[in-house]
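Participant: sequence first, then the predicted structure, then my questions.
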Amino acid sequence: MKSQTEKYLRYILNPLELFGTERTREILSVNPTIPVIREEAAHVVISAFIYNKDGISEIKNMGLEECLNLKTGNGKIIWINVDGLRKNDVEAIGERFGISPLLREDILAVGQRPKMDEIDDILFSVMNMLYYNEQKKAVDQEQISLVLGKGFVITFQDDPSRDVFDALRSRLKLPASKTRTKEADYLYYTLLDTIVDHYFIVMDKLGEQIEDLEEEIVRNTNKRTLAYINAIRKEQIVLKRSIYPVREVLANIIKSESELLTEYNERFFKDVYDHIVQAIDLVDNYRDMIMSLQDLYISNVNLKLNEVIKVMAVVTCVLAPATVIGGIFGMNFDIIPLSNHHWGFWIAVGLMFLIPVWMLMAFRRRGWF
Amino acid sequence: MKSQTEKYLRYILNPLELFGTERTREILSVNPTIPVIREEAAHVVISAFIYNKDGISEIKNMGLEECLNLKTGNGKIIWINVDGLRKNDVEAIGERFGISPLLREDILAVGQRPKMDEIDDILFSVMNMLYYNEQKKAVDQEQISLVLGKGFVITFQDDPSRDVFDALRSRLKLPASKTRTKEADYLYYTLLDTIVDHYFIVMDKLGEQIEDLEEEIVRNTNKRTLAYINAIRKEQIVLKRSIYPVREVLANIIKSESELLTEYNERFFKDVYDHIVQAIDLVDNYRDMIMSLQDLYISNVNLKLNEVIKVMAVVTCVLAPATVIGGIFGMNFDIIPLSNHHWGFWIAVGLMFLIPVWMLMAFRRRGWF
Amino acid sequence: MKSQTEKYLRYILNPLELFGTERTREILSVNPTIPVIREEAAHVVISAFIYNKDGISEIKNMGLEECLNLKTGNGKIIWINVDGLRKNDVEAIGERFGISPLLREDILAVGQRPKMDEIDDILFSVMNMLYYNEQKKAVDQEQISLVLGKGFVITFQDDPSRDVFDALRSRLKLPASKTRTKEADYLYYTLLDTIVDHYFIVMDKLGEQIEDLEEEIVRNTNKRTLAYINAIRKEQIVLKRSIYPVREVLANIIKSESELLTEYNERFFKDVYDHIVQAIDLVDNYRDMIMSLQDLYISNVNLKLNEVIKVMAVVTCVLAPATVIGGIFGMNFDIIPLSNHHWGFWIAVGLMFLIPVWMLMAFRRRGWF
Amino acid sequence: MKSQTEKYLRYILNPLELFGTERTREILSVNPTIPVIREEAAHVVISAFIYNKDGISEIKNMGLEECLNLKTGNGKIIWINVDGLRKNDVEAIGERFGISPLLREDILAVGQRPKMDEIDDILFSVMNMLYYNEQKKAVDQEQISLVLGKGFVITFQDDPSRDVFDALRSRLKLPASKTRTKEADYLYYTLLDTIVDHYFIVMDKLGEQIEDLEEEIVRNTNKRTLAYINAIRKEQIVLKRSIYPVREVLANIIKSESELLTEYNERFFKDVYDHIVQAIDLVDNYRDMIMSLQDLYISNVNLKLNEVIKVMAVVTCVLAPATVIGGIFGMNFDIIPLSNHHWGFWIAVGLMFLIPVWMLMAFRRRGWF
Amino acid sequence: MKSQTEKYLRYILNPLELFGTERTREILSVNPTIPVIREEAAHVVISAFIYNKDGISEIKNMGLEECLNLKTGNGKIIWINVDGLRKNDVEAIGERFGISPLLREDILAVGQRPKMDEIDDILFSVMNMLYYNEQKKAVDQEQISLVLGKGFVITFQDDPSRDVFDALRSRLKLPASKTRTKEADYLYYTLLDTIVDHYFIVMDKLGEQIEDLEEEIVRNTNKRTLAYINAIRKEQIVLKRSIYPVREVLANIIKSESELLTEYNERFFKDVYDHIVQAIDLVDNYRDMIMSLQDLYISNVNLKLNEVIKVMAVVTCVLAPATVIGGIFGMNFDIIPLSNHHWGFWIAVGLMFLIPVWMLMAFRRRGWF
């Protein structure tokens, strides 16, 4: 019975190992303003694309100075991507490109809610890029700020190690690329589109997890399953928090009357809007699915309990005649009927077995089990 | 007891066979944009109707070239139906009939959310046709794109094997058909109406399933029931996802000021709108009903458990006197009262049976069971 | 124990007899359009009132021809009531009185959602009259279409056997009746008002049922209760479906700028609107109440289970000393202490009874039961 | 065990005595229109205040005739309060002061939903005054109709025995009273304010009840608690029904462009609006709290059950060795090891006690209880 | 077993000690108007800052007279902070600075819902400052009224002992402070911002509590956990009540067309608005999390129960053979098979142990435990 106990102990310990409570911590401690304890990035990579339909030049890993000296307003579109954030860099670039101090604060803040803002000829939006962390089976967030100005786009990312824009870069280099022939707002649209489309990849992974979970519940339910459901609920909260506000971001961009947005390109932003609405639908479906799984799990546990209790009830009933008959003939009376009878013992034992058999048959006929 | 165990085992295996988790997979993996891995249709069937109130000609299974050469603008209305999608065909037809590239992408995309769009004199909507798959007891979806242009309607369907428009075709051939005397937007309305009306047929089938489920729950509850409830919940999610956004599609068509829509026909679109609102009501009723069934199921399981435990409690109480009396007179003391008495044995046995009978009568009188 | 089993069996069978699953069928199979399999009424009764403030004439059970020949526009108001629907009659009357074919379809359709429509100088609304079926303990629906035209009102009812308008008819015959002195829209208001007021009578009956149910739950809970709760939940869905959309119907009538509605009478429609809002509130209260009863029921079942288990626990504890002591002195050792003692037997038996008594007292002192 | 049973019986009977189902009846049977079976009041008290900033005269218990002869329009404001409703009185007063017949019906109707109406220079609102009935531990409602006309305010109350306006009367008599210096609409505001403020007193009482309930649940849970939770849920429904619609009443008064309302006093109505919004918040908090208590209650019951079952499991385990050892040495074999041994009996008995002790120690070390 | 009982008793008593029901009292008894039983503050501290971009002077702990004599309108901005409220002071200050009597009432009222009002050139808002009470593990509220007038800001606080504005004061004294160079509305924004930002600190603390709770549930569930969940739910209600209405307050300030608000500063108020929206999101996340924890807790309790019952079932099954065999060979028949056999005893005992072992192996092979 020791290994049994240890099996139970493992159930109690496992969930803690696999799905620690630190995740709760991470989700709940969103503190957008006061002590902006953003750690200065150890490593900053600034790169830029300068292009129009005639040509494109890429500057990889440029210095801050070089970046500040980039010329705008000559018919070329500039896309500056800053990977890794330091206060000084952001302030300098912001100053150079006319980004209001309020927006600079937003870029530097941690745990921002996705939002869109227009200040002084700058269209600004901050969103979360989502990555699926296979190891932790969790959704990682990376804050990205997208700045659209007259003839330029600047993107600020937290983490230089991951980038969803790589595919976009390759496409941009192609002369036939649609982006090359259009205004800066089309690039802006492409960036938003890439981020939103990546949400579906992350959700797909979570969908797989939900499916695995369902299979685990149907096949074999244990305490780990419970912790697993709880863990997925947390990820669904993360998804919801990152995805829901993006609808408003996009609605505001579409409603915006900024001169930075050409009327023709509105249709593209509407397209991204359609995608985000679909993503929100999907997040709701996930929630329904998880709830449904939880109900399934609880019912499953109850059914198992019922079966154990049924077995107990059957054993109790089956034991009853043996107990009674054994008790009767075990009494120390001088005169006990059948006690001298040759078949007495066998009659008693026979009854001990026949009565339960008859009871079981009666139970079964009445469909009790 | 072996067959019993196997009966239980079957319960555990059955649900997996009948209601696999792949359905969850299918429902959750909606990925509308990025890798548009639509497989090119193996088989494409293009057919067309060209009609006005004076005559109608049907071209079955025409080639792509022929289709591109169809003349518009001569007072005749053209309805082209494309069964099976290939990128090249869609692009060619789109180019010929002035369908914006953005819409062409929507036609080719997989897993689209129903939506409506107006670009460049084209009124476009994408919806899901629903079929009830008797074998899988599931709702099948087929994406259908409906394009309304000046004097023509084009429909793109995924799957050439199924078609809800057959009844419509026969009606169109009748000279008295209302559609024949009206503009292209009336044909467009008829197509939408056919799709929406088909939703009710599918929901009817699901309604039957819910009724079967209710009967199963009331008659006999087992683990399969649970999996069954879970399966129906999934189908309800599918229905909701396909039907809810159609209300917006229709509201947008009614609000639209497109010149393609004649004012007189607005009333017909309003009629479809009424139907879709009713369909949404019904989907909500289904949800309420399924929830109600789940509650019924859980309560039923609990009641059964209670009865088993009651039986156990009764048996335990009934055994008690026999155990005690048997224990008393089974003790090996030299002096045991009644042990030499002629009726001693019978007195003890009598008590063993009379006390439980008296207990049972007392319990029953107090309504304990 | 046989009668016991049979008592249980009756619980399982009763609900099926009383609250069959066909009701689910009826509620879920709303199919408004496609195969309009409305059976032609076996029996049609057309009657009319022609009145103004000076006089009134009633034509009972008139022929279709006579009805079509009724003259309008002579300052008299006509109210035609058609009990029992046949396609031909509806088409003929519709043609005569200028009711659009679309509305005629609505009149003939089965299972319509309450709605309001205005086409070509006709103000049309379709609603459900509700009746409480005492036998089935269910809410019966009857579709009623109300047509308001210039100087006339036509009502179409499904079922000639029941009519909520009788009281209205008697009032109309009185010369002092307010309706007699007003326009046709006042009659229209009176009809709507009668239907809506009848909802409260039906809800009152359901309220009684809920009260009975509550008393049953508090007094004595059994499996039938469960089926009963489930049955009432279904009726609540029916109520909701018939009553909720009527608010929109009335809001649309109030907003309508139809010339058929005199400005002065708007206040009366507002009055009906107030009633329907109150009815909707009440439907919501019913839902809350039913949920509350379901919780009460489940808790009650659990409490009963707890008590049964407590009894079992007490019996188990009480038996323990007897089992142990009986076991000890029943062992066949040569040397058993007390076995030769004169009071040995009584000491053992005494302990068997005193220890449980002491245990029970200890339990009770600690409030365990 | 008899008193035990009776204790249980008391639990079953108590709730019925304390929280009968008639309350459900009262809540659910709201029938606003058809058979206005308002009983004529046995006793009617009409009183009036006639005041301006220069003086005030009070007429207590005046006759109907006298009331109808009150002169308006001489710069004095009249407040007539009618306690107890009779059809004739209401009709006469309504006729005299220009209250539309539709409003008179509303005044006489029973179970009205709070609403506001403006007809023919009369601003009318009907609300419920709430009283806390200490005896029944329930919320009593009294319908009050407030009529604001040019220079006068009339209030109609159901029940002459209770009046929340007494404090207001004393204040009115003070020459410094703000009400004295203002228009009739300020008096109207004061009356509304008094009613709304009284809601908080009633809610406070219910809040106390919820607190008592929580303490009862934490300390000692029984079946009465359940009935108590159910009873409070009913009162919460009553509160919700009376308070929620008042927000709309006040919003409509604020939006109203009636000449009866001076622009300056709008701020006071806004103040009442703030209070009613707060009251609605509080009703929602009550609901959350009650739900939370219900969850707490159910969990508590489950925990108690768990403990009882744990005790049973422990006793079962503890009994096991005694049963087995007693069974072994109680067998009637000729050769039984240890049976002739001097310490045989003591060894067996020792094992019977030592094994359970060792088991309990093992269980406890593993934290099983 | 005594210490066991006491352990249970402690569970029952502990929650009451730690999480008393007085908290429910505090939350539910919000009574905003009638008997404004605000206790007069024992101790009032009035202090003021008078500043423009050229200089700043601070007057600590000034007298009421001095405060009333402060000159406004000379290009300097005055911030008066009143800690501790007395009716006379508030009335005097209100009179002096043109605060409407209605607003003065709001300042003095207890338990106000956060709201915003504009009367006579005064922009008024009342909010709750939240503090986390480490000792009670509860959220403390302090009502704060913020008055913005032409050239001055006045803040009224309940409690002189705590102040979230200290950091702000130090910043104000710096000549480079942004606030110094701007209008009074910027100071107003800074105050609002400080209060809203402080919400996140309080929520962070609650987030920690939720995390602790989750860990406690996963590790070890007991009755205290239940009371703990209940306590956190109460705090979540407090948070919701204080934070939700602030969104409306800020939306109204942004919409306001008051001349006190400079257009340029609107962006700052929008920033606070973004923060409050995020805070509301977070409160919702907390609710989801707490619900999720409650589900986890209940499932955990059920799983533990299942394990206890499984142990009982196993013990019952294991005992069965011993009981039956002991009963069989304990019967007093003259002829008992094997009774004279040399190995009889050992065969019987062997069976007693071998059958359970075989049963356990069979159970385990079938995965029953």
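Facilitator: Looks like it arrived, so ask away. Numbers count the residues shown, from 1 in each chain, chains lettered A, B, ... in the order given.
Participant: quick one: end-to-end distance for stretch A:155-174.
Facilitator: Using CA to CA, to the nearest Å, the end-to-end distance of stretch A:155-174 comes to 21 Å.
Participant: where along chain A do the helices fall?
Facilitator: With DSSP state H, the ranges of helices along chain A come out as A:2-18, A:22-28, A:64-68, A:87-97, A:101-108, A:166-173, A:184-219, A:223-255, A:266-329, A:344-365.
Participant: counting by contacts, list what the shortest one packs against.
Facilitator: The one in question is helix A:64-68. Applying 3 or more CB pairs under 8 Å, 6 or more residues apart in numbering or on different chains; DSSP states H and E, we find helix A:64-68 packed against strand A:45-51, helix A:87-97. Just so you know, the C-beta spots here come from the backbone N, C-alpha and C atoms, and that holds for glycine as well.
Participant: buried set for it?
Facilitator: Of all the residues in helix A:64-68, those buried under the rule 16 or more other CB atoms under 10 Å in any protein chain shown are A:64, A:67.
Participant: contacting residues for the residue nearest the centre of chain A?
Facilitator: The centre of chain A sits closest to A:E235, judged by CA atoms, centre = their mean, with a distance of 3.2 Å. A:E235 sits next to A:137-139, A:206, A:209 when contact means CB atoms under 8 Å, 6 or more residues apart in numbering or on different chains.
Participant: could you dump those into CSV with pLDDT, distance to B:M359 and neighbour count added?
Facilitator: Listed next are the contacts of A:E235 as CSV, based on pLDDT from 0 to 100; distance: CB to CB, whole Å; neighbours: other CB atoms under 10 Å in any protein chain shown:
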residue, pLDDT, distance to B:M359, neighbour count
A:K137, 85, 57, 18
A:A138, 87, 59, 20
A:V139, 90, 61, 23
A:L206, 88, 58, 24
A:Q209, 87, 55, 18
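Participant: make a markdown table out of those residues and add distance to chain B.
Facilitator: Listed next are these as a markdown table, based on distance: CB to the nearest CB, whole Å:
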| residue | distance to chain B |
| --- | --- |
| A:K137 | 16 |
| A:A138 | 18 |
| A:V139 | 15 |
| A:L206 | 8 |
| A:Q209 | 10 |
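Participant: ok so, going back, and the helices of chain A as TSV, adding distance to E:K87?
Facilitator: TSV is the format used below for these (distance: least, CB to CB, whole Å):
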stretch	distance to E:K87
helix A:2-18	56
helix A:22-28	41
helix A:64-68	60
helix A:87-97	49
helix A:101-108	41
helix A:166-173	66
helix A:184-219	56
helix A:223-255	45
helix A:266-329	51
helix A:344-365	79
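Participant: quick one on the thing from earlier: of all the helices and strands packed on helix A:64-68, which one is nearest chain E?
Facilitator: Chain E lies closest, by CB to the nearest CB, to one member of the helices and strands packed on helix A:64-68: helix A:87-97, at 15.1 Å.
Participant: give me the contact list for that closest one.
Facilitator: With CB under 8 Å, 6+ apart as the criterion, helix A:87-97 contacts A:38, A:40, A:44, A:46, A:64, A:67-68, A:72, A:80, A:82, A:99-101, A:103-104, A:107-108, A:122, A:147, A:149, A:152, A:154, A:156.
Participant: tell me the buried residues within those.
Facilitator: Counted by 16+ other CB under 10 Å, the contacts of helix A:87-97 give A:38, A:44, A:46, A:64, A:67, A:72, A:80, A:82, A:99-100, A:103-104, A:107-108, A:122, A:147, A:149, A:152, A:154, A:156 as buried.
Participant: check contacts around the residue of the stretch 151-300 of chain A found nearest chain D.
Facilitator: Going by CB to the nearest CB, chain D is nearest to A:I298 of the stretch 151-300 of chain A, at 12.7 Å. Contacts for A:I298 were tallied using CB under 8 Å, 6+ apart; they are E:299, E:302.
Participant: give me that answer again for 6 Å
Facilitator: By CB atoms under 6 Å, 6 or more residues apart in numbering or on different chains, A:I298 lies in contact with nothing.
Participant: okay, it: pLDDT?
Facilitator: pLDDT, A:I298: 82.
Participant: again with A:D281
Facilitator: 90.
Participant: pLDDT below threshold where in the stretch 101-250 of chain A?
Facilitator: For the stretch 101-250 of chain A, applying pLDDT under 70 flags the ranges A:220-223.
Participant: measure stretch A:175-190 end to end?
Facilitator: 16 Å.
Participant: quick check: buried residues in that stretch?
Facilitator: Buried residues in stretch A:175-190, counted by 16+ other CB under 10 Å: A:177, A:179-180, A:182-190.
Participant: tally up the residues packed near the closest residue to A:Y188 other than its chain neighbours, please.
Facilitator: Leaving aside its sequence neighbours, A:Y188 sits nearest to A:L148 (CB to CB, 6 or more residues apart in numbering or on different chains; 4.6 Å). Under the neighbour criterion other CB atoms under 10 Å in any protein chain shown, A:L148 is assigned a count of 26.
Participant: hang on, A:L148 packs against A:F124?
Facilitator: No: with contacts counted by CB atoms under 6 Å, A:L148 stays clear of A:F124, the gap being 7.6 Å.
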